[in-house]
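1. Below is the sequence, then the predicted model.
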Amino acid sequence: MTKTRTELTAYAGLLGSIVAAALVLAAPGHPLALVGALMLACVPGGAAVMCWIDSGENTAQAGLTVVVSLSLFALASAIMIWAAAWQPRALLARAAIGAVSCTVRLRRRVTR
């Protein structure tokens, strides 16, 4: 049985969320934290959305996941800056939201 694009996106989002949060929290001030921050900006938010939407093509699914994630990251950052409430750790909530969305998507597939 092959996995659908949305399932693979959900698995990637779940794994990316966990690894990104772990790197950012476990290695502050270390180059690995930068890798985690980049993963946090590029994976969880887009995967949380794209695990529910099938784009019809593998490369389009991956590209849209990155673009949506970067857009959501920029939007969240802009709102915090405009509200004068810059809290970088609040951006870690995106990892949790992405993991929850991807987990729900995977559980829905299993129950069908």
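-> Yep, that arrived. Residues are numbered from 1 along each chain as shown.
2. Which residues outside the helix or strand hosting Q61 are in contact with it?
-> Assigned by DSSP states H and E, Q61 falls within helix 58-82. Residues outside helix 58-82 that contact it (CB atoms under 8 Å, 6 or more residues apart in numbering) are 5-6, 8-9, 12-13, 40-47, 49-50, 53-55, 86-87, 90-91, 94. C-beta here means a position set from N, CA and C on the backbone, and glycine is covered the same way.
3. same thing with stretch 32-40?
-> Stretch 32-40 is contacted from outside by 16, 19-24, 26-27, 73, 91-92, 94-95, using CB under 8 Å, 6+ apart.
4. how much space between A85 and S77?
-> Here the criterion is CB to CB, to the nearest Å. By it, A85 lies 11 Å from S77.
5. Neighbour count for those two, which is higher?
-> Each of A85 and S77 had its neighbours counted (other CB atoms under 10 Å), and the higher figure belongs to S77 (15 against 9).
6. what kind of secondary structure is S55 in?
-> coil (DSSP: H, G, I helix; E, B strand; the rest coil).
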